[in-house]
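Peer 1: here is the input, now give the coordinates:
(chains A and B)
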Amino acid sequence: MSQHDVIVVGTGLAGLTAATRLAEGGARVLVLAKGVGATHLSPCTIDVLGYAPDRVTDPGAALAKLDDDHPYAAVGRDGIAAAIAWFAGAMRERNPYVGGLERNLLLPTAVGALKPTAVVPETMAAGDGGDGVLVVGFHALKDFHAPLLADNLTRGGIEARAVELDLVPEGRVDVNSLGFARAFDDPAFRAEVASQLVARLGADERVAFPAVLGIADAPAAWGELRERLARPVFEVPTLPPSVPGMRVFAVLRERLRRAGVRMILNAVVGGAERTGGRVTAVTARVGLRDVVHGCDWVVLASGGFASGGLELDSRWNARERALGLPVSGVPEGERFRPDYFDEQPMARAGVAVDGALRPEGHENVLVAGATLAGAQPWKEKSGDGISLATGHRAAELILGASVPSEPAKAGA
Amino acid sequence: MTAEHDVLGDLMRGSLDHCVKCTICETFCPVSNVTPLFPGPKYVGPQAERFRVWDETSADQSLDYCSGCGVCTQVCPQGVHIAEINTQARAKLRERTGFKFRDRLLARPDVIGRLSTPVAPLVNLTLHNGATRAIGEKLLGLDRNAALPSYPGRTFQRWARKRTSLAAARRVAYFHGCGANWSEPDMGEKTVELLEWLGCQVDVPKGQLCCGLPAQSNGMFDLARKYTRRMAKTLAPSARAGVDIVGTSTSCTLMLKREAREILGLDGDADLRAVSDGIYDICEYLLMLHDRGELRTDFKPLPITVTYHAPCQQQGHGVGKPALDLMALVPELTVIENDAVCCGVAGTYGLKHEKYGIAMDVGRRLFGQIADAKPELAVCDSETCRWHIEAATGVKSVHPIEILHRAAGLS
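Peer 2: Prediction:
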């Protein structure tokens, strides 16, 4: 049996954050996951708090409106700020982020709605503003609809129009966002895009692109387009695969590699050895074998119902699949409401934790990310914020090894 | 349980229902990222599989361009057995379209090895000569530039037969595979010497032929089953005696550990079950000993720089990268980890004329990293990958075991 200081379960933003912070803080970390996590599906804007329940302009201040059982309560405003500062530092060199807890930016989504978000890739920041927008699309990129985006922006009060280019990355007929991102890594492709656009720009327009401006070196691709077009340029997230999410994954994966962290995919955690309130080892199914890994701590960041970290059967029994932790918040009565965007009673279900992110009866298991109970990420616009903040907090608590007994309050 | 019972049963093909079309597999697929000829694992796998009815011919044969590297299955967050579904579908496709003579050859590395060894100089001349390779490309479809093995004219088995390992508390059986036997007997010999230095008594079960992987990859499941059953029968007595089996050919080891049970439907084979439960990739095994505090670690300093590429098939073991942990035990050794998912060759895929260019494009990232690092050696666990890397970069490529052998002072 191998022995590790910490086993992190999950490779989404929460798991990657916890593992990276822990490894760089000197812990010996093993990452186990069923597969690659949700960074590849998420725009990877850090939405801390967008609605509470009205649209939030100052997310730091609005944290105080959340209930005591919200995941942010275990982190607190200072903890969230620390997580953001850590993340911005980690991303600075290859994939810089801007923003903070003081003000939400309003960024256009792929359908042209405006989404409040706190910390964003610098390549997206110019999406926040009042000037008119030229939305650039590509006929070959079926996951991004420039006219739809432009029409909806206009309806929302921001003058916008669309142009669609016929440029296709060499040798391709059907290209997803990653294919275009690779093409944008090529200076010749960028130059061609710019030359087709220059004559079509309005005076005070901002220029919106699908979030495909480079995968190897996005700052370079984005910077060059800004220069060539002499306008503010910003990216708008596309349907998956999410190139901005892949950039985050790549940076954190590389940091983990440098820190010597062992990461094992297709390892499905499904059990633990326990002594009293402590988990001393976890069992992972790998291929046809069960492998046992010993540990001092576990950070569980295996995701919620969508990722399969939590499971709900047809009799409404919910379970947490890795360690069998109790799931709370499954409503007795109405569970779902017919209006998709209504408040959904099931949304808050998850693993409840104390002020040190520990589930009931567990001394050395910390839970982070979408597995946690008490939030409604879709409604609040808080998903990646919770993942980052709780993943970072879990790492800090373990590195500090002094687990506070009193739960901290949100906004404290 | 029938003889051809699939260990995953309906869960193999049925796993496609777990696909949520997240496209994560497509972002990692090394093949679809370099060629439009392969539309990607999601499309060819869970999507197209719904439309495949076994007794009808599918109009879409693009799945032939899947290299079988298995990365899609590794990264899938929903547990879909994408690569395994595709390997099975490719075999059905091949059954209908027929097998090329070339693929029949590639599926039998043991036969080629046995025929080549007595006339090795002549064979080597033929395999590494521009004119004969051009003819081979025309007649057989083996790309003239693809890296083929050399045959030293002696076999590992012959060396092993003359040698008796001293009795020791720990006993292991060595599964050497075709590569070590016919092409790299040196590596096989070093493995035995290293295991002995580490305090193991090493058995080399006699009569090891091919594990069946090349036949499986080329869609010849009946042939693959014959090979696998025979190999399992050869190794099963060791497993039943409680002797751990270790393999240096990481893809062949994975075949016996998992793939033959999952893909070939051989889960009912009692010999294979025994072998599957008791076989380890050698680095996995040595790290396991180290984790238990049972590995001798008085390695000598080795002040050189090497790169390490974990081949796709090694990643299929789901054990991380134990070679890195082992090489970290060697003083003064600098190891630069490559982060490419695949070198491109994927067993026999990159040898084929119509796929060689793809294999080189897939490997470009890895080759660039190796060239930038200017290492003395490029370390990699899989033999076909080593030959491909060596041909593409000009850097000598070795199994991790050779590094440990040197650090043990044995060479």
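Peer 1: list the contacts for A:Y97?
Peer 2: Residues in contact with A:Y97 (C-beta atoms under 8 Å, 6 or more residues apart in numbering or on different chains) are A:I46, A:F87, A:A88, A:M91, A:V119, A:V120, A:P121, A:E122. Where you see a C-beta, it was placed from the backbone N, CA and C, and this is true even at glycine.
Peer 1: what does B:E193 give?
Peer 2: B:E193 neighbours (C-beta under 8 Å, 6+ apart): B:H405, B:L410.
Peer 1: quick check: buried residues in the top strand by length along chain A?
Peer 2: Ranked by residue count and defined by DSSP state E, the top strand of chain A is strand A:289-300. Buried residues in strand A:289-300, counted by 16 or more other C-beta atoms under 10 Å in any protein chain shown: A:V291, A:H293, A:G294, A:C295, A:D296, A:W297, A:V298, A:V299, A:L300.
Peer 1: roughly how far apart are the residue most central in space within chain B and B:D381?
Peer 2: For chain B, B:S251 is the residue whose C-alpha lies nearest the centre (C-alpha atoms, centre = their mean; 2.4 Å). Noted for B:S251: a distance of 9 Å to B:D381, by C-beta to C-beta, to the nearest Å.
Peer 1: low-confidence regions, the stretch 151-300 of chain B specifically.
Peer 2: For the stretch 151-300 of chain B, applying pLDDT under 70 flags no range at all.
Peer 1: quick one, helices of the stretch 201-350 of chain A?
Peer 2: For the stretch 201-350 of chain A, the helices defined by DSSP state H, counting those that start in this stretch occupy A:218-229, A:243-258.
Peer 1: hmm, back to that, any shared contact partners between B:S251 and B:D381?
Peer 2: B:P311, B:Q314.
Peer 1: helices of the stretch 201-350 of chain B, start to end?
Peer 2: B:213-217, B:221-240, B:250-254, B:260-263, B:270-278, B:282-291, B:312-315, B:322-327.
Peer 1: so A:L63 sits right up against A:V75, yeah?
Peer 2: No: counting by C-beta atoms under 8 Å, A:L63 sits too far from A:V75 to count as a contact (9.2 Å).
Peer 1: of those two, give the one with the bigger neighbour count.
Peer 2: The neighbour comparison of A:L63 against A:V75 (other C-beta atoms under 10 Å in any protein chain shown) goes to A:V75, with 30 against 26.
Peer 1: where does chain A come near chain B, residue by residue?
Peer 2: A:1-3, A:30, A:33-38, A:40-41, A:171-174, A:176, A:178, A:182, A:240-241, A:246, A:253-254, A:257, A:260, A:262-268, A:286-289, A:291, A:307-308 (C-beta under 8 Å from any C-beta of the partner chain).
Peer 1: what subset of those residues is buried?
Peer 2: Buried among the residues of chain A next to chain B by 16+ other C-beta under 10 Å: A:2, A:30, A:33-38, A:40-41, A:176, A:178, A:182, A:240-241, A:246, A:253, A:262-268, A:286-287, A:291, A:307-308.
Peer 1: closest to A:R190 among the buried residues of strand A:289-300?
Peer 2: Using C-beta to C-beta, A:V299 comes nearest to A:R190 of those, at 40.0 Å.
Peer 1: and the gap between that closest one and A:A181?
Peer 2: In terms of C-beta to C-beta, A:V299 sits 31 Å off from A:A181.
Peer 1: closest point of the stretch 1-150 of chain A to chain B, which residue?
Peer 2: Residue nearest to chain B within the stretch 1-150 of chain A: A:G35 (3.5 Å; C-beta to the nearest C-beta).
Peer 1: my read: that residue touches B:P77, true?
Peer 2: Yes: shown here, A:G35 and B:P77 form a contact pair, counting by C-beta under 8 Å, at 3.5 Å.
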